[in-house]
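Chemist: Can you look at this prediction? I've put the sequence above it.
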Amino acid sequence: MTPLISIITVTYNAADYLAQTIESVLAQTHPNIEYIIIDGGSIDGTVDIIRNYESQITNTLKHFKFVREKDNGIYDAMNKGIRMAQGELIGIVNASDYYEPNTVERVVDAYLQNNDVGIFHGNMNMLNEDGSFFKLKKPNINLEELYQGMSIYHPTFFVAKSVYEKYGLFDLQYKIAADFDFALRCNSAGVKFFYIDSVISNFRKGGVSYIRIKATHQECKKVLIQNGYAETTVNVVAKVWEKLRKKDHLYYTLYKILKYVLPKPLINKIAHQASIK
């Protein structure tokens, strides 16, 4: 029997993008999917969109659960969904992002051949807010260097339910970097990670970790210290993060200039060729 896969969408006032997210779940080629939507009390039409898709979701997917209530931030909402999930693997695709049509099928194929693995992950397209391509992100699969930053991408994660049960959910003391903490904890505990060399998720720039980059770095430093890394090591790593921030800023500034002076096909080609890890 094909394994049940749970997909969680966390949303709050994301009516502009939610339909694309839902449609990407409905388009999955894997036949056995549970879909869970956790809404934090949206007032922008998000709930109307969910209700409009409800019959299609229930007719297409195996199970559908929808919860609308206030939460204590994005990780609290994710934890709610994880507790509800019944699937062997759990993926999280937030309401401004979307999966490739064969995402779940690719993950399941890898899972069936590597069922001792706890976390599957892959490549990620980073998009502009209008949905156009910005750059391809490929992870650093050397997990000995994971402490240097979240170089594997949480929007591509599919985590075994048993991993959450054994090693815990997201730590709510972190508002931005709880996924970094979770990955470090799992890696330190010996959880096996498996890299799938294909695009798993499409992620829009504009999330809190992207906008508040300096606050993100501060919280990541706290994560490292609480996971046992020496303060001297943390300070060295933080300097590297700052250099990368400046490099990314330069890349994005140049991209914005070229975007307005070059034809769209050409700028997309350049963006693909210039993508960096």
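Modeler: Thanks, I have the structure now. Residues are numbered from 1 along each chain as shown.

Chemist: going forward, measure contacts and count neighbours with C-alpha atoms only.
Modeler: OK.

Chemist: Need phi/psi at Gly131.
Modeler: phi 90, psi -10 (degrees, to the nearest 10).

Chemist: roughly how far is the strand or helix carrying Ala215 from the heart of the chain?
Modeler: Ala215 is located in helix 213-226, with elements delineated by DSSP states H and E. Centre-to-centre, helix 213-226 and its host chain are 18 Å apart (C-alpha atoms, centre = their mean, to the nearest Å).

Chemist: Identify the residues contacting that helix?
Modeler: Contacts to helix 213-226, defined as C-alpha atoms under 8 Å, 6 or more residues apart in numbering, come from residues 147, 149, 174, 176-177, 180-181, 209, 231, 234-235, 238, 241, 245.

Chemist: avg pLDDT for that helix?
Modeler: Here helix 213-226 scores 92 as its mean pLDDT.

Chemist: Only the buried residues of that helix, if you could.
Modeler: Buried residues in helix 213-226, defined by neighbour count with 16 or more other C-alpha atoms under 10 Å: Ile213, Ala215, Thr216, His217, Glu219, Cys220, Lys221, Lys222, Val223, Leu224.

Chemist: how about the contacts of helix 213-226, which pair is most distant?
Modeler: Ser209 and Glu231 (22.3 Å; C-alpha to C-alpha).

Chemist: Strands along the protein, start to end?
Modeler: Assigned by DSSP state E, the chain shows strands spanning 5-11, 33-39, 63-68, 89-92, 98-99, 119-127, 133-137, 158-160, 193-204.

Chemist: Okay, angle between the longest one and strand 133-137 too, please.
Modeler: In this structure, strand 193-204 runs at an angle of 170 degrees to strand 133-137, with axes from the mean of the first three to the mean of the last three C-alpha atoms, to 10 degrees as the basis.

Chemist: about what we covered before: mean neighbour count and mean pLDDT added to the strands of the chain, as TSV?
Modeler: Shown next, in TSV, are the strands of the chain (neighbours: other C-alpha atoms under 10 Å; pLDDT from 0 to 100):
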stretch	mean neighbour count	mean pLDDT
strand 5-11	26	98
strand 33-39	24	98
strand 63-68	16	96
strand 89-92	26	98
strand 98-99	27	98
strand 119-127	23	96
strand 133-137	21	89
strand 158-160	24	98
strand 193-204	20	97
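
Chemist: So Ile5 sits against Ile33, correct?
Modeler: Yes: Ile5 is within contact range of Ile33, at 4.9 Å (criterion: C-alpha atoms under 8 Å).

Chemist: Please report the distance of Ile90 from Ala189.
Modeler: 19 Å (C-alpha to C-alpha, to the nearest Å).

Chemist: all helices for the stretch 51-200 of the chain, in order.
Modeler: Remark: helices assigned in the stretch 51-200 of the chain by DSSP state H, counting those that start in this stretch are 74-84, 103-113, 161-167, 178-188.

Chemist: can you list contacts of the third one?
Modeler: Under the contact criterion C-alpha under 8 Å, 6+ apart, helix 161-167 has outside partners Ile82, Ala85, Gln86, Gly87, Glu88, Leu89, Ile90, Gly118, Arg185, Cys186, Val191.

Chemist: swap in stretch 139-148?
Modeler: Applying C-alpha under 8 Å, 6+ apart, the contact partners of stretch 139-148 are Gly122, Asn123, Ser151, Ile152, Tyr153, Leu184, Asn187, Tyr195, Leu224, Val237, Lys277.

Chemist: Let me know the average pLDDT across that stretch.
Modeler: Stretch 139-148 comes out at a mean pLDDT of 96.

Chemist: ok, now how distant is the residue nearest the centre of the chain from Lys264?
Modeler: Central residue of the chain (C-alpha atoms, centre = their mean): Pro155, 1.4 Å from the mean position. Pro155 sits 26 Å away from Lys264, going by C-alpha to C-alpha.

Chemist: what's the answer for Val223, then?
Modeler: For Val223 relative to Lys264 (C-alpha to C-alpha), the value is 40 Å.

Chemist: what number of residues lie near the closest residue to Pro31 other than its chain neighbours?
Modeler: Sequence neighbours aside, Leu61 is the residue nearest to Pro31 in space, at 7.4 Å (criterion: C-alpha to C-alpha, 6 or more residues apart in numbering). For Leu61, the count of nearby residues is 17 (other C-alpha atoms under 10 Å).
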